[in-house]
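Asker: A structural model of the following input is requested.
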Amino acid sequence: MSNPNVMAAAKAHFKDVLAGGLKGPIQVPEWKCEVWYKAATTFQQESKIVELTAAGKTVEALVESLIMRALDADGAAIFSKSDKPDLMRFVDPAIIMRVMSEMNDPDAARNIEAGLGN
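Answerer: Take a look at the predicted model:
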């Protein structure tokens with residue numbers, strides 16, 4: 001039998017994490033925009049990413065993650081699921097990887113840029 005107090009506290013904590021506001025911006029001059037994102041996602045959101053990764057579709061998982069996480073300054077999605085084919089075929093993979101790397105580890109990305117003199 002589960003402890004309802006622990007479950008309530010766990011849910012309240014995650015609600016606070018999700019409400020933590022937007023992170024960023026990530027400057028993407030190649031796309032003429034700034035990308036904002038939330039630091040946390042739910043397991044429900046991540047399930048598609050995990051499924052694709054487990055199937056060996058790492059690149060597709062990366063694009064799904066970008067679609068799910070890339071937001072504008074108002075918190076609206078920059079991309080939709082219908083953009084996936086274009087992102088997979090016609091967008092520079094290096095830029096997608098740079099954006100996702102910064103989302104996943106913003107401190108490391110800044111340190112790399114600083115080391116490169118950017």
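
Asker: alpha carbons only for contacts and neighbour counts from here, please
Answerer: OK.

Asker: output whichever helix in the chain runs longest as PDB, nothing but the C-alphas.
Answerer: Ranked by number of residues, the top helix in the chain under DSSP state H is helix 4-18. What follows is helix 4-18, C-alpha atoms only, in PDB (Å, rounded to 0.1, in the frame of the first residue of the first chain):
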ATOM      1  CA  PRO A   4      -0.500   9.100   0.200                       C
ATOM      2  CA  ASN A   5       1.600  11.800   1.900                       C
ATOM      3  CA  VAL A   6       4.700  10.800   0.000                       C
ATOM      4  CA  MET A   7       2.800  10.700  -3.300                       C
ATOM      5  CA  ALA A   8       1.200  14.100  -2.700                       C
ATOM      6  CA  ALA A   9       4.700  15.500  -1.900                       C
ATOM      7  CA  ALA A  10       6.200  14.000  -5.000                       C
ATOM      8  CA  LYS A  11       3.500  15.400  -7.200                       C
ATOM      9  CA  ALA A  12       3.700  18.800  -5.600                       C
ATOM     10  CA  HIS A  13       7.400  18.900  -6.100                       C
ATOM     11  CA  PHE A  14       7.200  18.000  -9.800                       C
ATOM     12  CA  LYS A  15       4.400  20.500 -10.300                       C
ATOM     13  CA  ASP A  16       6.900  23.200  -8.900                       C
ATOM     14  CA  VAL A  17       9.600  21.900 -11.200                       C
ATOM     15  CA  LEU A  18       7.400  22.100 -14.300                       C
END
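
Asker: residues making contact with whichever helix or strand comes after it?
Answerer: As assigned by DSSP states H and E, the chain's next helix or strand after helix 4-18 is strand 23-28. With contact meaning CA atoms under 8 Å, 6 or more residues apart in numbering, strand 23-28 is reached by 33-39, 73, 95, 99, 102.
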